[in-house]
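Student: this one's sequence-less:
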């Protein structure tokens, strides 16, 4: 989504203008131009230019606290912050909901139970937060900083048997309902393919995180005194790793992908509505409500899945 009113008093059209290195230096000054990340400098030097709006938004972003630090350190996060100025809020909302859910689940137990299970609680929470960050990033588009996104530019240089497949995958939208940015155009076939490709990615991420989380829990389980692994005079048996990974992967590929695709579509519809344009707080409020409802539904479905699969 474009934003008007650039550093030089420009309009939305000016934001899409491609600037070469000399023009970038003239726009922000020599010192600030040289402080830009290396990949952004390369775009202005040899790959068609860097978009004026991207430079302005990056300068604004770098002035913020934690978000600016993360944007400077991680290009994956930076590109998504530049493409969606509510990305950071959405990411924090998901992590916040994860934190509230983790606290609410443990609040039902007495203090002694929580103390005995501290290691499990922390490992489960860390895995949940990492999973939240990854799934939000997957369905958020990367900014088109120059003529194309970094993924498309890398795919264009690919060679070998799978080069064509790599280019086709890089050309897909981030989500089924993603808006096309400058220089982008998505067909219905690409949007349909996106649903299945992102489902496969969600499945891989879910399987890996499910395996990692259960492996951490099992390791802690083995290190604990045997007396702590007895509940109601019965020895607790650690769940199998591969079964847990398979269940998590299947759940994320089917339920997780479908639900989050719908979340992105609903959020886009609300964010582009006249109500949100006149009262931006309504868009932020809707993000919290929609993602909270999504997590509630997902939790119910996961419990059912876990019960049916014997976990």
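Tutor: Structure's in. What do you need? Computed from a prediction, not measured in an experiment: that's the story for all the values here.
Student: low-scoring stretches of the stretch 201-311 of the chain, by residue?
Tutor: 224-238, 310-311 (pLDDT under 70).
Student: swap in 80 and give it another go.
Tutor: 217-240, 306, 308-311 (pLDDT under 80).
Student: what segments of the chain are strands?
Tutor: 18-19, 50-51, 230-231, 234-235 (DSSP state E).
Student: OK, contacts around residue 261?
Tutor: Counting by Cβ atoms under 8 Å, 6 or more residues apart in numbering, residue 261 touches 139, 175-177, 195, 198. Where C-beta positions appear, they are placed from N, C-alpha and C, glycine not excepted.
Student: run the last query once more with 10 Å
Tutor: Counting by Cβ atoms under 10 Å, 6 or more residues apart in numbering, residue 261 touches 139, 175-178, 194-195, 198-199, 202.
Student: can you point me to the longest helix in this protein?
Tutor: helix 188-223 (DSSP state H).
Student: buried residues of it, list them for me.
Tutor: For helix 188-223, a neighbour-count test (16 or more other Cβ atoms under 10 Å) marks 193-194, 197-199, 201-203, 205-218, 220-221 as buried.
Student: ok, now stretch 261-281?
Tutor: 261, 263-264, 266-268, 270-271, 276.
Student: coming back round to it: and which of the contacts of residue 261 is nearest to residue 287?
Tutor: Nearest to residue 287 out of the contacts of residue 261 is residue 139 (Cβ to Cβ; 13.5 Å).
Student: ok, now which ones touch the closest residue to the closest one other than its chain neighbours?
Tutor: Among residues not flanking residue 139 along the chain, residue 175 sits closest, at 4.2 Å (Cβ to Cβ, 6 or more residues apart in numbering). By Cβ under 10 Å, 6+ apart, the contact set of residue 175 is 138-141, 191, 194-195, 198, 257, 260-265, 268.
Student: mind redoing it with 6 Å?
Tutor: 139, 261, 264 (Cβ atoms under 6 Å, 6 or more residues apart in numbering).
Student: likewise for residue 294?
Tutor: Residue 294 neighbours (Cβ under 6 Å, 6+ apart): 259, 263.
Student: distance check, the residue positioned nearest the centre of the chain against residue 304.
Tutor: For the chain, residue 137 is the residue whose C-alpha lies nearest the centre (Cα atoms, centre = their mean; 1.8 Å). To residue 304, residue 137 is 27 Å away according to Cβ to Cβ, to the nearest Å.
Student: got the phi/psi numbers for the closest residue to residue 141 other than its chain neighbours?
Tutor: Among residues not flanking residue 141 along the chain, residue 174 sits closest, at 3.9 Å (Cβ to Cβ, 6+ apart). The phi/psi pair for residue 174 (degrees, to the nearest 10) reads phi -70, psi -40.
Student: can you pull the contacts of residue 174?
Tutor: Residues counted as contacts of residue 174 (Cβ under 6 Å, 6+ apart) are 139-141.
Student: let me know the closest of those residues to residue 247.
Tutor: residue 139 (21.9 Å).
Student: pretty sure the closest one contacts residue 264?
Tutor: Yes. Counting by Cβ atoms under 6 Å, residue 139 does reach residue 264; the two are 5.3 Å apart.
Student: that older thread, tell me what the longest helix of the chain is packed against?
Tutor: helix 118-138, helix 241-251, helix 257-271 (3 or more Cβ pairs under 6 Å, 6 or more residues apart in numbering; DSSP states H and E).
Student: what residues sit buried inside the shortest one?
Tutor: Along helix 241-251, these residues count as buried under the neighbour rule (16+ other Cβ under 10 Å): 241, 244-251.
Student: and stretch 150-162, by the same measure?
Tutor: 150-153, 155.
Student: with stretch 295-307 instead?
Tutor: 295, 298, 302, 305.
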